[in-house]
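Visitor: The sequence and its predicted three-dimensional model are supplied below.
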Amino acid sequence: MHRSTLCTASLLACAIVSPLRAQSCADLSDLATLGGAAVSRGDFSGAALRVEQGGLLVREELFGSYRLDELVPIASASKWLAAAVLMSCVDSGHLRLDDRVSNYLPSYTGSKSAITLAQCFSHSSGLRANHPAISDDSIDLQQAAQQIASSALIALPGTAFEYGGVSMHVAGAVCELATGQSWGQLFAQRIAAPLGLVQTDFFAFGPTSNPRIAGGARSTLREYARFVEMLRARGSLLGRRVLSEASVAELFVDRTSSLRVISTPHPAGAPYGIGTWLDRVSSSGEVLQVGGAGAFGFVAWIDLERDVAGTFSALDRLSDIWPTVEQMKARTREELAPLGVACLGRSAPSCAGAVHLHANAVPRPGASEFALRAHGAPSASAGVLLLAGAVEPVGLPFFGAELLLPPVPAPVAFALVSTATGSAEIPLPLPATLVAGERAAAQVLWFDPSSCASGAVLRSTPALAIELR
């Protein structure tokens, strides 16, 4: 027990705080509806989705004719696997990201002599996006790198972004030279074996000595999800370390937003890290979500604010599945609580259907745009937001609702009104003077005389426990 000093214009100051007891209040049932509707429209014939939060399975769904054990080519989702191989070579001391390719491949002369491994894996090497050598199975990876060396640059190294697979191919050849192992051996020993990936490899198009580093892997939903979970957990899985935390962090560093863009397939023009799209970045430059996607309909992402890892697999074009996947990402972002926010109790009365309360972002000192969001409330209804310092739910019946915040000391209350669709956003700006670790709790009571429960005139949301990060 300690005294909270979470003192703002909107949060109660100096109240007794109890240990956090949390449960999930997320409702992701409509993910099945979204996927089913996409199958009905013909967007994809079948697909699979897996969502985990904090290492725990939240949702796994199959749509249409897709099998859970389906082994599929993952195209550019290979780039995440390849980036892990590179960073493993960095962890073992064989390479550094700022090493020049020409240190290992002397044929990279002139302006090409300045190309670094980091540039190769962030599509900023200046090499052209495509070259026939990367898909020539009659040669090996070293021979492909030598052929690429004779091609002209389209930009000086480190000055422009052009998405493609050629530069990663060259970096793969460097990994082989630095370690004395083939790319297949490197992936199998450093990534697949410690993660227990028995079907995932870089032979999606058949056995070859010239694997497509940036697009030639194959995997299953659950195996790739295990890899994504390792990245979410900062390099380890089930107590076994695969990459250092520092190496995982390097994957998510913005390396391209200041560069001239020659071409990008990303619909939002997102910046790029090491083999990784930085899908969402805050106005202050903080990376909020990262991901990888393949042209054959394979998508994975990590929501860093919510500690969420998601994997989606289909056998269709990325352009066909992308709108549905983006909707699914948005729903998980809306429903799953961000770090520092935990759900307490349930909405009441239970017969009236769930009414939810969520936070829009990680609660941090100085988070001026922090807000709570309610949905599923009675349409155009008056409500009361309760804010208190205690976070141990008490569960008192209260005019048909359940009061989860302690009545003594009395919570601070603020009036609000839901929209016609039963939603509301409540701004709670957090001053920079607050301190990480301070706690508060919030709950909303909605006026609802038409409630299904006899004598009920109120409906309550679950409570949220909020701890500053």
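Guide: That came through fine.

Visitor: where's Ile426 relative to Ala270, distance?
Guide: Using CB to CB, to the nearest Å, Ile426 is found at 30 Å from Ala270. The way it works is simple: take the backbone N, C-alpha and C, and place the C-beta from them, glycine included.

Visitor: ok, now Glu70?
Guide: Look at Glu70 and Ala270: by CB to CB, they are 28 Å apart.

Visitor: who has more neighbours, those two?
Guide: When neighbours are counted by other CB atoms under 10 Å, Glu70 and Ala270 differ, and Ala270 comes out ahead with 20 against 17.

Visitor: in the protein, what spans have low per-residue confidence?
Guide: Along the chain, the model assigns pLDDT under 70 to residues 1-24.

Visitor: Pop the domain breakdown of it in here.
Guide: Using automatic domain parsing, the domains assigned to the chain come out as 2-25+339-467, 30-335.

Visitor: quick one: contacts of stretch 227-241?
Guide: 52, 55, 80-81, 84, 191, 194-195, 197, 200, 219, 226, 242-245, 247-249, 251, 300-302, 307-311 (CB atoms under 8 Å, 6 or more residues apart in numbering).

Visitor: Please, a ChimeraX command that selects the buried ones among those residues?
Guide: With 16 or more other CB atoms under 10 Å as the criterion, this ChimeraX line picks the buried residues out of those:
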select :52,80,81,84,191,194,195,197,200,219,226,242,243,244,247,248,251,300,301,302,307,308,309,310,311
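
Visitor: which residues in the stretch 201-350 of the chain form helices?
Guide: Along the stretch 201-350 of the chain, the stretches classed as helices by DSSP state H, counting those that start in this stretch are 221-232, 245-251, 318-335.

Visitor: Distance check, the residue lying closest to Ala413 once chain neighbours are set aside against Arg469.
Guide: Take Ala413 and drop its neighbours on the chain: the residue closest to it by CB to CB, 6 or more residues apart in numbering is Val384, 5.1 Å away. Applying CB to CB, one obtains 27 Å for the distance of Val384 from Arg469.

Visitor: now swap in Phe44 and tell me
Guide: Noted for Phe44: a distance of 37 Å to Arg469, by CB to CB.

Visitor: ok, these two, which is more surrounded?
Guide: More neighbours sit around Phe44 than around the other of Phe44 and Arg469, counting by other CB under 10 Å; the figures are 23 against 15.

Visitor: Could you find the closest non-adjacent residue to Leu195?
Guide: Nearest-residue entry for Leu195: Arg226, 5.4 Å, with adjacent residues in sequence omitted and distances by CB to CB, 6+ apart.

Visitor: residues touching that neighbour, list them.
Guide: For Arg226, the contact set (CB under 8 Å, 6+ apart) comprises 195-197, 237.

Visitor: Farthest pair within the residues you listed?
Guide: In terms of CB to CB, the contacts of Arg226 reach their longest pairwise distance at Leu197 and Leu237, which sit 10.7 Å apart.

Visitor: And for the nearest residue to Ala295 once chain neighbours are set aside, the neighbour number?
Guide: If you skip the residues right next to it in sequence, Ala295 has Ala75 as its closest partner in space, 4.4 Å away by CB to CB, 6+ apart. The number of residues packed around Ala75, counting by other CB under 10 Å, is 23.

Visitor: residues contacting Ala75?
Guide: Ala75 sits next to 215, 294-296, 298, 318 when contact means CB under 8 Å, 6+ apart.

Visitor: ok, 6 Å please
Guide: Ala75 makes contact with 215, 294-296 under the criterion CB atoms under 6 Å, 6 or more residues apart in numbering.

Visitor: For it, give its distance to Met168.
Guide: For Ala75, the distance to Met168 under the criterion CB to CB works out to 13 Å.

Visitor: Secondary structure element holding Ala84?
Guide: Element membership of Ala84 [criterion: DSSP states H and E] is helix 78-91.

Visitor: number of nearby residues for Ala82?
Guide: Taking other CB under 10 Å as the neighbour definition, Ala82 ends up with a count of 31.

Visitor: quick one: contacts for it?
Guide: Residues in contact with Ala82 (CB under 6 Å, 6+ apart) are 168, 213, 275.

Visitor: most centrally placed residue in the protein?
Guide: For the chain, Ile302 is the residue whose C-alpha lies nearest the centre (CA atoms, centre = their mean; 1.6 Å).

Visitor: Let me know whether it touches Ala309 as I believe.
Guide: Yes: between Ile302 and Ala309 there is a contact under CB atoms under 6 Å: 5.4 Å.

Visitor: for stretch 48-56, which positions count as buried?
Guide: Within stretch 48-56, the residues that count as buried by 16+ other CB under 10 Å are 48-53.

Visitor: nearest spatial neighbour of Ala436, skipping sequence neighbours?
Guide: Beyond its immediate neighbours in the sequence, the residue positioned closest to Ala436 (CB to CB, 6+ apart) is Leu468, lying 5.0 Å away.

Visitor: go on, Leu259?
Guide: Closest residue to Leu259 apart from its sequence neighbours, by CB to CB, 6+ apart: Phe161 at 4.8 Å.

Visitor: Moving C-terminal from the helix or strand hosting the one you found, which element do we reach first?
Guide: Secondary-structure element containing Phe161, defined by DSSP H and E: strand 160-162. Sequence order places helix 166-179 as the next helix or strand after strand 160-162, per DSSP H and E.

Visitor: tell me how far the next helix or strand after that following helix is from the chain's mean position?
Guide: Past helix 166-179, further along toward the C-terminus, the next helix or strand under DSSP H and E is helix 183-187. Relative to the chain's own centre, helix 183-187 is displaced by 26 Å; criterion: CA atoms, centre = their mean, to the nearest Å.

Visitor: And the next helix or strand past helix 183-187?
Guide: On the C-terminal side of helix 183-187, the closest following helix or strand by DSSP H and E is helix 193-195.

Visitor: That next one: how far from the chain's middle?
Guide: Per CA atoms, centre = their mean, the centroid offset for helix 193-195 relative to its chain is 22 Å.

Visitor: And for stretch 308-326?
Guide: Averaging C-alpha positions (CA atoms, centre = their mean) puts stretch 308-326 13 Å from its chain's average.

Visitor: can I have it written out in PDB, keeping just the CAs?
Guide: As requested, the backbone C-alpha atoms of stretch 308-326 are provided in PDB (Å, rounded to 0.1, in the frame of the first residue of the first chain):
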ATOM      1  CA  VAL A 308       0.200  -7.300 -29.200                       C
ATOM      2  CA  ALA A 309       1.500  -9.700 -31.800                       C
ATOM      3  CA  GLY A 310      -0.700 -10.500 -34.800                       C
ATOM      4  CA  THR A 311      -0.300 -12.800 -37.800                       C
ATOM      5  CA  PHE A 312      -2.600 -13.200 -40.800                       C
ATOM      6  CA  SER A 313      -2.200 -15.700 -43.600                       C
ATOM      7  CA  ALA A 314      -4.200 -16.200 -46.800                       C
ATOM      8  CA  LEU A 315      -3.600 -17.500 -50.300                       C
ATOM      9  CA  ASP A 316      -4.600 -14.400 -52.100                       C
ATOM     10  CA  ARG A 317      -3.100 -11.100 -53.300                       C
ATOM     11  CA  LEU A 318      -2.100  -8.600 -50.700                       C
ATOM     12  CA  SER A 319      -4.100  -5.900 -52.400                       C
ATOM     13  CA  ASP A 320      -7.300  -8.100 -52.000                       C
ATOM     14  CA  ILE A 321      -6.800  -8.900 -48.300                       C
ATOM     15  CA  TRP A 322      -5.300  -5.600 -47.100                       C
ATOM     16  CA  PRO A 323      -8.500  -3.700 -46.400                       C
ATOM     17  CA  THR A 324      -9.800  -6.500 -44.200                       C
ATOM     18  CA  VAL A 325      -6.500  -6.900 -42.400                       C
ATOM     19  CA  GLU A 326      -6.400  -3.200 -41.700                       C
END
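
Visitor: Alright, that wraps it up for me.
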